[in-house]
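Engineer: please find the sequence and the predicted model below.
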Amino acid sequence: MKILIVDDEPGICMFLQEAAKRQGHAVEYVHDGTAALARLMAEPFDLLLTDVQMPGMDGFALLSAAHALQPDMIAVIMTGHGTEECAIRALRLGANNYLQKPIRYKELQILLAKYQDSIMLRSLERHVTLLVTRKTVALTLDNTLPLVARVADFLVREAGDTIAGADRMAIKLGVVELLVNAIEHGNLEISYAEKMAALETADGMTPLYQDRLNRAELARRRVAVDFCADADSLTWTICDGGAGFDWRHVISPLNNGHLGQLCGRGIFLCRMNFDEVRYNDAGNSVQAIKRRATAPA
């Protein structure tokens with residue numbers, strides 16, 4: 001395992017480092033939460049072993065920030081005698097376990113051995129995921145806009161570790177943009193002009209949505225989504241039930257005088273986030289393609 005130790009007492013850091021190295025782990029240590037956060041921002045660790053009471057950023061603040069940066073990392077806190085409430089608070093903030101000072105070598109050995117099995121299993125699962133040469137998912141979405149973000153999150157998670165971490169949010173937001181377009185402009189036939197006008201009103205889009213959903217021929221339309229991961233790329237195909245649009249003449253926001261307009265911005269951003277964005281001739285089906293970050297072993 002790759003372990004980061006955080007404690008403002010050099011002697012404790014050296015003891016923990018030597019103990020963990022005896023079990024074959026790669027270990028680094030820093031003396032405060034700010035330095036630890038910098039290391040976590042720079043590269044991933046399997047386990048964080050941190051003191052609670054430190055100058056500057058304490059262990060509680062570090063736990064919250066570390067969990068946001070590396071959600072899969074195991075976090076263990078170190079507390080002194082009589083500070084059980086600190087352990088409870090840390091566990092509520094996302095810590096997975098705690099050790100009480102003074103830390104005994106045998107107790108640390110047992111804890112690290114237990115978590116090493118979990119880390120190895122996680123690594124094997126990721127390796128097996130990369131062995132998958134083809135994976136497909138098909139789903140149908142009705143015109144419920146509040147579901148779009150959850151559907152996009154599911155579709156991106158289905159890609160697993162084949163999307164680089166830095167690209168994950170951009171891809172998710174791109175899928176959201178394409179799904180919203182399919183519902184609003186495809187199924188419900190809301191034009192850009194109608195949308196802009198509605199957004200200027202006090203009630204926003206709600207009356208416009210309701211008007212379109214009251215039309216049975218529009219309300220019954222669905223968005224069909226197919227996700228395919230193969231050896232080379234990830235492809236999200238999104239088809240709506242509308243008549244389509246002339247995607248060839250959508251003006252880029254970067255063109256002179258168009259930077260502030262919303263019309264065409266979604267398509268432009270998707271082209272920036274994906275390697276390819278392909279529409280069918282009618283304009284009611286789009287493929288968003290991202291090449292795999294890691295080739296299968």
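Structural biologist: Right, received. Where do you want to start?
Engineer: hang on, isn't Leu218 packed against Asn187?
Structural biologist: Yes - taking C-beta atoms under 8 Å as the definition, Leu218 is a contact partner of Asn187 at 6.3 Å. Heads up, the C-betas are built off the backbone N, CA and C, glycines and all.
Engineer: any weak-confidence spans in the protein?
Structural biologist: 81-83, 121-130, 165-166, 249-266, 268, 293-297 (pLDDT under 70).
Engineer: got the domain ranges for it?
Structural biologist: 2-130, 134-291 (automatic domain parsing).
Engineer: with mean neighbour count added, can I get the ones you listed in JSON lines?
Structural biologist: Below are the domains of the chain laid out as JSON lines (neighbours: other C-beta atoms under 10 Å):
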{"stretch": "domain 2-130", "mean neighbour count": "16"}
{"stretch": "domain 134-291", "mean neighbour count": "16"}
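Engineer: quick check: neighbours shared by Leu218 and Asn187?
Structural biologist: Common contacts of Leu218 and Asn187 (C-beta atoms under 8 Å, 6 or more residues apart in numbering): Asn143.
Engineer: residue boundaries of the helices in this protein?
Structural biologist: Assignment of helices within the chain using DSSP state H yields the ranges 10-22, 33-42, 59-69, 84-92, 105-131, 148-157, 165-181, 192-199, 206-213, 216-219, 265-273.
Engineer: among these, which is nearest Gly241?
Structural biologist: For Gly241, the closest of the helices of the chain is helix 216-219, at 8.4 Å, according to C-beta to C-beta.
Engineer: centre of the chain to the closest one, how far?
Structural biologist: Helix 216-219 sits 34 Å away from the centroid of its parent chain (C-alpha atoms, centre = their mean, to the nearest Å).
Engineer: ok, now which ones touch Glu189?
Structural biologist: Arg212, Leu218, Gly242, Ala243.
Engineer: dump the residue contacts of the third one.
Structural biologist: Yep, that's Gly242 we're talking about. His185, Gly186, Asn187, Glu189, Arg221, Asn284.
Engineer: and the second one, what is it in contact with?
Structural biologist: Looking back up the chat, that one is Gly186. Neighbouring residues of Gly186 by C-beta under 8 Å, 6+ apart: Arg221, Val223, Asp240, Gly241, Gly242, Gly244, Asn284.
Engineer: change it to 7 Å
Structural biologist: Under the criterion of C-beta atoms under 7 Å, 6 or more residues apart in numbering, the contact list for Gly186 reads Asp240, Gly241, Gly242, Asn284.
Engineer: could you measure from it over to Glu194?
Structural biologist: 14 Å (C-beta to C-beta, to the nearest Å).
Engineer: from Glu177, how far out is the spatially closest residue to Gln116 that is not a sequence neighbour?
Structural biologist: Excluding its sequence neighbours, the residue lying closest to Gln116 (C-beta to C-beta, 6 or more residues apart in numbering) is Met1, at 5.6 Å. From Met1 over to Glu177 the distance is 39 Å, taken as C-beta to C-beta.
Engineer: equivalent analysis for Leu112, please.
Structural biologist: Taken as C-beta to C-beta, the span from Leu112 to Glu177 is 44 Å.
Engineer: and if you look at Thr235?
Structural biologist: Counting by C-beta to C-beta, the gap from Thr235 to Glu177 is 16 Å.
Engineer: can you check Ala198 too?
Structural biologist: For Ala198, the distance to Glu177 - C-beta to C-beta - is 18 Å.
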